[in-house]
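1. Quick one, what's the 3D model for this:
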Amino acid sequence: MIGIIVTGHGHFATGLTSSLHLITGITENVVAVDFETDHSTMTLKINLEKAFVELKECDGVLVLADLPGASPFNNAVICKSEQNEQKIEVMAGTNLPMLIEAATIMATYEEPMELVKNVLETGKESIVHFEM
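-> Numbering: from 1, shown residues only. Model (predicted):
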């Protein structure tokens, strides 16, 4: 099973995981790490490291961040580069359909990279424009 860390600015992570729970009921092996106004990047990194420890029994971890190149994404990448015990993949541009897809199929995967492929497609397909 793959664990999931959702991270982002403000309450992005807890908001998305709250929506996930409301829609699917899933909370196991999904951890939210917010980057709040009063947090330093060191606080963020420490909180991400705690989340990885919380998911240490998983086969790997998929990190879903809000923005590429921003502090939550960058610190997740740093944690990945410092880790040797866990298989970690980091994605950015996260939306709710991506999280729902990841959470509902994470138990069927042992490699986070396999999960990335499905989640990436779902994220792209869920961006639509309504026209009359």
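2. Next, count neighbours for Cys62.
-> One thing to correct before we go on: residue 62 is Leu, not Cys. 29 (other C-beta atoms under 10 Å). Any C-beta I mention is one placed from the backbone N, CA and C, and that applies to glycine too.
3. The helix or strand where it lies pairs with which strands, parallel or anti?
-> Leu62 belongs to strand 60-65 when elements are defined using DSSP states H and E. Strand pairing for strand 60-65, determined by DSSP bridges: strand 2-9 (parallel), strand 87-91 (parallel).
4. hmm, who's touching the helix or strand bottoming out on mean pLDDT in the chain?
-> Using mean pLDDT, DSSP states H and E, the weakest-scoring helix or strand in the chain turns out to be helix 112-125, at a mean of 94. With C-beta atoms under 8 Å, 6 or more residues apart in numbering as the test, helix 112-125 has contacts from 2, 60-62, 64, 87-89, 91, 93-95, 97-98, 101-102, 105-106, 109.
5. Show me which of those are buried.
-> Buried members of those, scored by 16 or more other C-beta atoms under 10 Å, are 2, 60-62, 64, 87-89, 91, 94-95, 98, 101-102, 106, 109.
6. Nearest to Ile23 among these?
-> Taking C-beta to C-beta as the measure, Glu101 is the one of the buried ones among the contacts of helix 112-125 closest to Ile23, at 11.6 Å.
7. now the one helix or strand the closest one maps to against strand 87-91, angle please.
-> Under the criterion of DSSP H and E, Glu101 resides in helix 96-105. Angle of helix 96-105 versus strand 87-91, following axes from the mean of the first three to the mean of the last three C-alpha atoms, to 10 degrees, is 160 degrees.
8. Show the average pLDDT along helix 96-105.
-> Helix 96-105 shows an average pLDDT of 97 in the prediction.
9. CA atoms only for that helix, dumped as CSV, please.
-> Output in CSV follows, covering the C-alpha atoms of helix 96-105 (Å, rounded to 0.1, in the frame of the first residue of the first chain):
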residue,chain,number,x,y,z
LEU,A,96,-9.4,17.0,-5.5
PRO,A,97,-10.1,14.5,-8.2
MET,A,98,-6.3,13.5,-8.1
LEU,A,99,-6.5,13.0,-4.3
ILE,A,100,-9.7,10.9,-4.6
GLU,A,101,-8.2,8.8,-7.3
ALA,A,102,-5.0,8.2,-5.3
ALA,A,103,-6.7,7.4,-2.1
THR,A,104,-9.2,5.0,-3.6
ILE,A,105,-6.6,2.9,-5.5
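10. Noted, bye for now.
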